[in-house]
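> I'd like to go over a predicted model; first the sequence, then the structure.
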Amino acid sequence: MRELTAGDSLDQYQLGELLARSGMASIFKATDTESGAAVALKIPHMQFESDVVFFERFKREESIGQKLDHPHIVKVLKPRAKSRMYLAMEYVEGKSLRAIMQAARALPVEKALDVAQQVGDALCYLHAHKVVHRDLKPENVLVTADGQVKILDFGIALDETARRLTWAGLSSAVGTPDYMAPEQIGGRRGDERTDVYALGTMVFEMLAGDLPHEASNPHALLSAKTNDDPRPLSYFLPSVDPALDAVVVRAIQRSPRDRYQTVAQFLTDLRDPKSAVLADGSRSTTPARRRFRAVRRVAVPVAVLAIFGGLIALVALSHRAAPPLAPSPPATHREK
């Protein structure tokens, strides 16, 4: 068995151009010789075909994909017979959201929210079928020429109805650092709120042209996600609607308890930010940046007072523990 290239045949498919190549697999445009339809084939590199962990993940990806049927999710097909490991998918003519963002940096609000609604609709469908994507990012979102969105790549998706994979290496943190939720960084499996976080980060990036946390390398980024509050949209866009700012920032809170509990709730507030009530009971019309600064204004004085109080306590203890000093001789006018 060898690595396949354009022009080769694979079961009922004739391979065409190479669409993408990653460290683990290549994706080819191909033709189904039985139906004549264009398809996309995801073919793992040969060194992974004997990897048990990779094989189980790949099989799980195919199983999840074949049971899904939604207009904003790339369909996974069922070949008549398979002679080796690969994934057959519908072919989608379009650009990745990453390519669109690289060309435009920040997207217009209306365009960004339209993409978010379509991705969110797909996530709501997934969650209703007990599937958590866990690797949502602009590279995994395709946008067609007429603006239709398709999400793909269920390589690390969680199927809550299937048995849990417990091999070493499968339980460690998985995902893409820029879009990973803090709970994923800690090695937890994640749930709907993990996808809320990823979608919120994507919305933030589409609008701001940058990410909520600033870091010089992936390790610093993971640390910032678990220890620091996200920057508000107004940090980059002073003119942004404060209500929209608050809604997006709520979706990317560090603790899952402080986020939207479902994608549906997030989408509702994205459609009408001014009607949103945030997790702390405040209205979304309170600017997120003002709350962000308020937390810092309160936190710094409290920390200073705590340190000052600790020093006073130490001084008091030292005086209490020290032996009494001999009385000093009385001062005279001659002492200088």
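Received the coordinates, thanks.

> which residues does Glu139 contact?
Residues near Glu139 by Cβ atoms under 8 Å, 6 or more residues apart in numbering: 96-98, 153, 176. The C-beta positions use only the backbone N, C-alpha and C, and glycine is treated the same way.

> one more time with 6 Å
96, 98 (Cβ atoms under 6 Å, 6 or more residues apart in numbering).

> same check, this time on the one 5 residues further on
With contacts defined as Cβ under 6 Å, 6+ apart, Thr144 is in contact with Gly94.

> so what's the backbone phi/psi at it?
phi -80, psi 170 (degrees, to the nearest 10).

> now do the strands in the protein.
Applying DSSP state E to the chain gives strands spanning 9-10, 13-21, 25-32, 38-44, 87-90, 94-96, 131-132, 141-144, 149-151, 158-159.

> quick check: domain ranges of the protein?
Domain segmentation of the chain under automatic domain parsing yields 9-90, 94-291.

> now, of these, which is deepest in the fold?
Comparing the domains of the chain by mean neighbour count (mean count of other Cβ atoms under 10 Å), domain 94-291 ranks first with a mean of 18.

> distance from that domain to the middle of the chain?
5 Å (Cα atoms, centre = their mean, to the nearest Å).

> please apply the same query to stretch 75-89.
Worked out by Cα atoms, centre = their mean, stretch 75-89 lies 28 Å from the chain centre.

> what mean pLDDT does it get?
For stretch 75-89, mean pLDDT is 95.

> who touches it?
Contacts for stretch 75-89 (Cβ under 6 Å, 6+ apart): 11-12, 39-44, 49, 62, 65-66, 74, 90.

> farthest-separated two in those residues?
Glu49 and Glu90 (23.9 Å; Cβ to Cβ).

> ok, so of the contacts of stretch 75-89, who is nearest Asp191?
Among those, and counting by Cβ to Cβ, the member closest to Asp191 is Gly65, at 20.2 Å.

> how close does the closest one get to Lys78?
10 Å (Cβ to Cβ, to the nearest Å).

> same check on Ile151?
In terms of Cβ to Cβ, Ile151 sits 20 Å off from Lys78.

> repeat for Asp258
42 Å.

> Tyr91 too?
16 Å.

> again with Ala264
Ala264 is 30 Å from Lys78, by Cβ to Cβ.

> and what of Val141?
Per Cβ to Cβ, Val141 is found 24 Å from Lys78.

> for Gly175, which residues are in contact?
Contacts of Gly175 (Cβ under 6 Å, 6+ apart): 135, 184.

> coming back round to it: among the strands of the chain, which comes closest to Asp228?
Here strand 131-132 is closest among the strands of the chain (Cβ to Cβ), at 24.8 Å.

> what does that closest one contact?
64, 157-159, 190, 195.

> where does the stretch 101-250 of the chain dip in pLDDT?
Filtered on pLDDT under 70, the stretch 101-250 of the chain yields the residue ranges 163-174.

> and with 50 instead?
The stretch 101-250 of the chain contains residues with pLDDT under 50 at 166-173.

> for it, what spans make up the helices?
109-128, 182-185, 192-208, 218-227, 242-251 (DSSP state H, counting those that start in this stretch).

> for these, give me TSV that also has distance to Gln102.
Below are those laid out as TSV (distance: least, Cβ to Cβ, whole Å):
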stretch	distance to Gln102
helix 109-128	15
helix 182-185	25
helix 192-208	11
helix 218-227	19
helix 242-251	21
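
> of all the ones you listed, which one is nearest Arg57?
Nearest of the helices of the stretch 101-250 of the chain (Cβ to Cβ): helix 182-185, 15.7 Å.

> and the contacts of the closest one?
173, 175, 190, 222, 225-226, 254.

> what about 8 Å?
So helix 182-185 is contacted by 134, 173-175, 190, 194, 197, 222, 225-226, 254-256 (Cβ under 8 Å, 6+ apart).

> can you show me the CA trace of it as CSV?
Output in CSV follows, covering the C-alpha atoms of helix 182-185 (Å, rounded to 0.1, in the frame of the first residue of the first chain):
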residue,chain,number,x,y,z
PRO,A,182,-10.4,26.7,29.6
GLU,A,183,-12.0,23.4,30.6
GLN,A,184,-10.5,21.7,27.5
ILE,A,185,-7.1,23.0,28.6
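
> which pair of the contacts of helix 182-185 spans the longest distance?
Val174 and Ser255 (20.2 Å).

> surely Gly190 meets Leu136?
No: taking Cβ atoms under 8 Å as the definition, Gly190 is not a contact partner of Leu136, at 11.1 Å.

> overlap in contacts of the two?
Common neighbours of Gly190 and Leu136 (Cβ under 8 Å, 6+ apart) do not exist.

> now distance to Phe58 too, for the contacts of helix 182-185, in a markdown table please.
As requested, those are exported to a markdown table (distance: Cβ to Cβ, whole Å):
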| residue | distance to Phe58 |
| --- | --- |
| Arg134 | 16 |
| Ala173 | 20 |
| Val174 | 14 |
| Gly175 | 17 |
| Gly190 | 20 |
| Thr194 | 21 |
| Tyr197 | 26 |
| Leu222 | 26 |
| Lys225 | 28 |
| Thr226 | 30 |
| Arg254 | 32 |
| Ser255 | 33 |
| Pro256 | 29 |
